[in-house]
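Asks: Please find the sequence and the predicted model below.
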Amino acid sequence: MSWWGKLAGGAFGFMVGGPIGALLGAVLGHNLDKGIKGLSGDERFAPGDQERVQTAFFTTTFSVMGAIAKADGRVSPDEIALARSVMAEMDLSEEMRRTAINLFNQGKAAGFPLDGVLEQFRTECHRRNTLIQMFIEIQLQAAYADGSLHKAEEQMLLHICKRLGIPEFAFRRLEKMIRAERHFGGGRRAEAKPARPSLQDAYAMLNVPSDASDAEVKKAYRRLLSQHHPDKLVSKGLPEEMMKVATQKTHEIRQAYERVKEARDM
């Protein structure tokens, strides 16, 4: 049974208390601590186990998205639309969509325990850096929903990265990639999409300078494909419903590589 099926069925053995459990429990109308009691030992999951990580990823993604949307003082229609578009891209069930919307609303409410949620999320991910990076990429997409990254949003994202152990240079690299991604088949996330993505955007997507060698370009491309491989990410704890998001990213990475290959006659 999937992580969501266990939640919907009331089997909360893979959740603990803490801010994530309290947040999800409030949204679902359940007491997760009570749900844990009475479960047999083999129904429990320790930090780092897939279903527990999937639950934490889903809960943290949409609640923190709400917090970032509110960072500049108001939640814009574009930010709300972005949150809904991510949900649509994931093809969530109606019940899961309602839960995601409620988590988003919890995140933008006063008193949202951002640091506590992030601390527990980092613990649950158990040093799975590619998974944490995927989380930051989704949050950056949300922040750029209205076309720009506001100062307050940038400061909150830097704070989030610090809490999750991501250095600022890595954040800046991801930010550059997300800006380029908006021109590389970003679907609902894209601005007015050019007829053909620029070569400059292609290099930014691959995170290599234009004077990089062919070997360096190939290495960067393979590394990015590996980092965003949907099956690998799901095995690390990405909710199955987010496979479509990861698949879209790998498609954009391939597009960028093909653009560079063509320009270099590789």
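Replies: That came in fine, so what should we check first?

Asks: C-alpha only now, for contacts and for neighbours.
Replies: Fine.

Asks: any idea how far Lys236 is from Val75?
Replies: 32 Å (C-alpha to C-alpha, to the nearest Å).

Asks: out of those two, which sits in the more crowded spot?
Replies: The neighbour comparison of Val75 against Lys236 (other C-alpha atoms under 10 Å) goes to Lys236, with 21 against 15.

Asks: For that one, give me its contacts.
Replies: 50, 53, 128, 131 (C-alpha atoms under 8 Å, 6 or more residues apart in numbering).

Asks: is it true that the first one touches Gly237?
Replies: Yes. In this structure, Gln50 is within contact of Gly237 by C-alpha atoms under 8 Å, at 4.7 Å.

Asks: More neighbours: those two, which one.
Replies: Counted by other C-alpha under 10 Å, Gln50 and Gly237 do not tie: Gly237 has more neighbours, with 24 against 21.

Asks: you'd agree that one is up against Phe58?
Replies: No. Using C-alpha under 8 Å, Gly237 makes no contact with Phe58, being 9.9 Å away.

Asks: Can you tell me which helix or strand of the protein has the lowest average pLDDT?
Replies: The least trusted helix or strand in the chain, going by mean pLDDT, DSSP states H and E, turns out to be helix 32-36, with a mean of 42.

Asks: List the contacts of the longest helix seen in the chain.
Replies: Longest among the helix segments of the chain by residue count, using DSSP state H, is helix 243-264. With C-alpha under 8 Å, 6+ apart as the test, helix 243-264 has contacts from 86, 89-90, 181, 184-186, 199, 201-203, 205-206, 221, 224-225, 228-231, 234.

Asks: Could you look up the SS state of Arg127?
Replies: Counting by DSSP: H, G, I helix; E, B strand; the rest coil, the backbone at Arg127 sits in coil.
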